[in-house]
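Trainee: need a 3D model of the following:
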Amino acid sequence: MILSNTEILKCINSGEICINPLKGQDPSSPPFNTSSIDLHLGTEVLTPKQDAPVQMDLRRGGIASFLAQHSEKHIIKDNQPYSLRNGELVLAKTQETVSFPILDGEICYAARVEGRSSLARCGILVHFTAPTIHAGFEGTITLEIINLGAHDFLLIPGMPICQLIIEEVRGNPVDAPNQFKGQTSAAGL
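Mentor: You can find the predicted model right below:
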């Protein structure tokens, strides 16, 4: 079951889910949509280094190790946005931290991260793979962003960048030791 805007706010206010900072308390206005909530772009963009030929081999230390060695972090500001070129892929974080706690014997929630249609119409794909935010997750959300449009596109911190569709999890999940708990890595995303 997908939660409506009023149910999302109710769950936030009761502590069943957490979105911090929350950019508004009126479910009929931004960041709320009828059945989702917008999240905003944070201040870090991670770009792959272009200076050396590299083949991705995740058998040697995994993705965090690879990104730490072969990426560059950019801090963006309102007056210094990141210009995403045509065909370029970057990683970025949401401004918000989200939490979907597993509460013993209580209803719990999970979510899907989806792009925004206004960005898609510009050729910007946001979080186009692995959209699931599992019950038990806590942290910022790392987004894959690619520009398939004809023009460069400015990534500005605080801009609405994706939407979170929240769903009730039927049954009480067991916390798994392989459950990913947050968005941190040696590369900073």
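Trainee: which of the helices and strands in this structure ranks last by mean pLDDT?
Mentor: None of the helices or strands of the chain scores lower by mean pLDDT, DSSP states H and E than helix 62-70, at a mean of 72.
Trainee: how about that one: buried residues?
Mentor: Neighbour counts over helix 62-70 (16 or more other C-beta atoms under 10 Å) mark F66, L67, A68 as buried. Every residue, glycine included, has its C-beta placed from N, CA and C.
Trainee: wait, which of the residues you listed is closest to I145?
Mentor: L67 (14.7 Å; C-beta to C-beta).
Trainee: so the closest one makes contact with L46?
Mentor: Yes. With contact defined as C-beta atoms under 8 Å, L67 counts as touching L46 (6.7 Å).
Trainee: where does the protein dip in pLDDT?
Mentor: Low-confidence segments of the chain (pLDDT under 70): 51-54, 60-61, 177-189.
Trainee: show me the strands in it, by range?
Mentor: 18-20, 37-48, 71-75, 82-84, 89-99, 108-114, 124-126, 132-133, 138-147, 153-155, 160-169 (DSSP state E).
Trainee: show me the contacts for the closest residue to V126 other than its chain neighbours.
Mentor: With sequence-adjacent residues excluded and distances taken as C-beta to C-beta, 6 or more residues apart in numbering, V126 is closest to G115, at 3.9 Å. By C-beta atoms under 8 Å, 6 or more residues apart in numbering, the residues touching G115 are I124, L125, V126, H127, F128, C162, Q163.
Trainee: contacting residues around the first one?
Mentor: For I124, the contacting residues are L84, G115, I145, I146, N147, L148, G149, F153, by C-beta under 8 Å, 6+ apart.
Trainee: then the second one?
Mentor: By C-beta under 8 Å, 6+ apart, the residues touching L125 are G115, E144, I145, I146, L148.
Trainee: of those residues, closest to D175?
Mentor: Closest to D175, out of all of the contacts of L125 and judged by C-beta to C-beta, is E144, at 26.4 Å.
Trainee: count the residues that sit near the closest one.
Mentor: 14 (other C-beta atoms under 10 Å).
Trainee: and it, what are its bridge partners?
Mentor: Per DSSP bridges, the residues bridged to E144 are L91.
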